[in-house]
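next come a sequence and a model predicted from it.
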Amino acid sequence: MENRIPLIAGNWKMFKTCPEAVETAGQLARLVADVTDRDVMIAPPFTGLALVAETLKGSQVSLGAQNLFWETEGAYTGEISPAMLASAGCTYVIIGHSERRQYFGETDETMNKKISAAIKSDLTPVLCIGESEKERESKETFSVLDKQVTKGLKGFSSADMETLVIAYEPIWAIGTGKTATREQAQEVHLFLRSLIEKKFEKGLAKSIRILYGGSVKPDNITELMAMPDIDGALVGGASLDAETFSKIVHY
Ligand code: PEP
C-alpha cells in the first residue's frame, strides 16, 4: 500500500438528530482514541456538524460534510458553502455520492464544480464514483468509471488533487448487503490508479487514496484492507453505531 495512510470514513446520510449525533460521535471518539496509524472521519448531517465538531475536539476523528454548493454565498436557498462547512469544523467533504446523483440530479459536471470549490476552501474532497448493476453486467464498469473520473476531475492539476480522495462505490453494493469481492474491488482500484497515472502523474497515482464503499462491515473489512490498492473504506449503515464502526476502524 506504499505510504498511504488508510482512511476509514463514515457517511451518516440522513440519520441522527443533534443529540443523537453528539452521543455517537462522543462514543466513537473514546473507542478509537488508541488509533494512531490511520485516519478516521465521520460525516453527520449538516445540522449536527458544529455540535459534533465540539465533541470531536482533541480526538482522532475528523469531521466531514456530505455535500456542498460551489458558490461562496448568495441567494441559493437551502444550500451550504465551503466556507460555512470549514467554519463549522469540517476538513473533509463527500462529493457526488450516488444517492445525490440518483435523487438530486447531480452530474459529473456539478461534481467538478464542487470539487473545485472544496479545494479552494482547503476541504479534502472525497469523490464518489461507481457503476450500476446493469453497467457491471454489460461489462461497462471501466468505461463508466473512466468517464466519471475524466469529467469529474477535468481541469485539475496533480497539485490541486494532492489531498483528494476517491471512493469507489459500486451502486449495486450500497446499502444492499452485497459487497464486491476483494478481487473485484482490487481490480477496479488498480484500474483507477492506472487511470490517474495516465491522466495526471505517476507520483499522484502512487499517493492518492482510493477507498472502497459498499456494505463494508466488521466482518469484511480485514480482507478488503489486505488488498494492495484499497486504502480505506467509506462506510454507510455500519458507521451509525459507534461500536460497530470502531470495529471497522480497528480492522
Ligand atoms: C455509502 O453510503 O457510501 C455506503 C457505502 O453505504 P453502505 O455502507 O450502507 O453500503
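Cool, the structure landed.

CA only for contacts and neighbour counts going forward, please
OK.

residues from the protein in reach of the ligand?
With C-alpha under 6 Å from any ligand atom as the criterion, the chain comes near the ligand at residues 11, 173-175, 213-216, 234-237.

biggest separation within the residues you listed, which pair?
11 and 173 (14.8 Å; C-alpha to C-alpha).

the two: who's more crowded?
residue 11 (23 against 19; other C-alpha atoms under 10 Å).

who's in contact with the more buried one?
Residues counted as contacts of residue 11 (C-alpha atoms under 8 Å, 6 or more residues apart in numbering) are 42-44, 66, 234-237, 239.

and residue 42, that's in a helix?
No: looking at residue 42 with DSSP: H, G, I helix; E, B strand; the rest coil, it is strand, so not inside a helix.

which of the residues of the chain next to the ligand scores worst on pLDDT?
The member of these with the lowest pLDDT is residue 175, and it reads 87.

count of neighbours near that residue?
Residue 175 - counted by other C-alpha under 10 Å - has 16 other residues nearby.

ok, now residue 19?
Using other C-alpha under 10 Å: residue 19 sits among 12 other residues.

so which helix or strand takes in it?
Per DSSP states H and E: residue 19 is located in helix 18-31.

that helix: which residues count as buried?
18, 21-22, 24-29, 31 (16 or more other C-alpha atoms under 10 Å).

show me the two of those that sit farthest apart.
Going by C-alpha to C-alpha, the pair spanning those furthest: 18 and 31, at 20.0 Å.

on that earlier part again, of the contacts of residue 11, select the buried ones using a ChimeraX command.
Only the buried entries of the contacts of residue 11 go into this ChimeraX selection, using 16+ other C-alpha under 10 Å:
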select :42,43,44,66,234,235,236,237,239
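
can you pull the contacts of residue 134?
Residue 134 touches nothing, counting by C-alpha under 8 Å, 6+ apart.

go again using 10 Å as the cut-off
By C-alpha atoms under 10 Å, 6 or more residues apart in numbering, the contact set of residue 134 is 140-141, 171-172.

name the SS class of it, please.
helix.

could you do residue 142 as well?
Applying three-state DSSP: residue 142 is helix.

make 28 the first number, not 1, from now on.
Right, with 28 as the first residue, what we last looked at is residue 169.

that one and residue 177 touch, don't they?
No: Residue 169 is not in contact with residue 177 according to C-alpha atoms under 10 Å; the separation is 11.9 Å.

what residues are shared contacts of the two?
Counting by C-alpha under 10 Å, 6+ apart, the common neighbours of residue 169 and residue 177 are residue 222.

by contact count, what packs against the longest helix along the chain?
Ranked by residue count, the top helix of the chain under DSSP state H comes out as helix 209-226. Under the contact definition 3 or more C-alpha pairs under 10 Å, 6 or more residues apart in numbering; DSSP states H and E, helix 209-226 sits against helix 168-179, strand 192-195, helix 229-234, strand 236-240, helix 248-252.

so which strand or helix has the residue of the chain positioned farthest from its centre?
The C-alpha centroid of the chain is most remote from residue 102, which lies 28.2 Å away (C-alpha atoms, centre = their mean). Counting by DSSP H and E, there is no helix or strand that carries residue 102.

ok, now how distant is the residue in the stretch 28-177 of the chain positioned nearest to the ligand from residue 99?
Per C-alpha to the nearest ligand atom, residue 38 is where the stretch 28-177 of the chain lies closest to the ligand, at 5.6 Å. In this structure, residue 38 and residue 99 are 24 Å apart, going by C-alpha to C-alpha, to the nearest Å.

what of residue 193?
In terms of C-alpha to C-alpha, residue 193 sits 24 Å off from residue 99.

equivalent analysis for residue 56, please.
31 Å.

any chance of the residues of the chain next to the ligand in a markdown table, plus secondary structure?
Listed next are the residues of the chain next to the ligand as a markdown table, based on three-state DSSP:
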| residue | secondary structure |
| --- | --- |
| 38 | strand |
| 200 | helix |
| 201 | coil |
| 202 | coil |
| 240 | strand |
| 241 | coil |
| 242 | coil |
| 243 | coil |
| 261 | strand |
| 262 | strand |
| 263 | coil |
| 264 | helix |
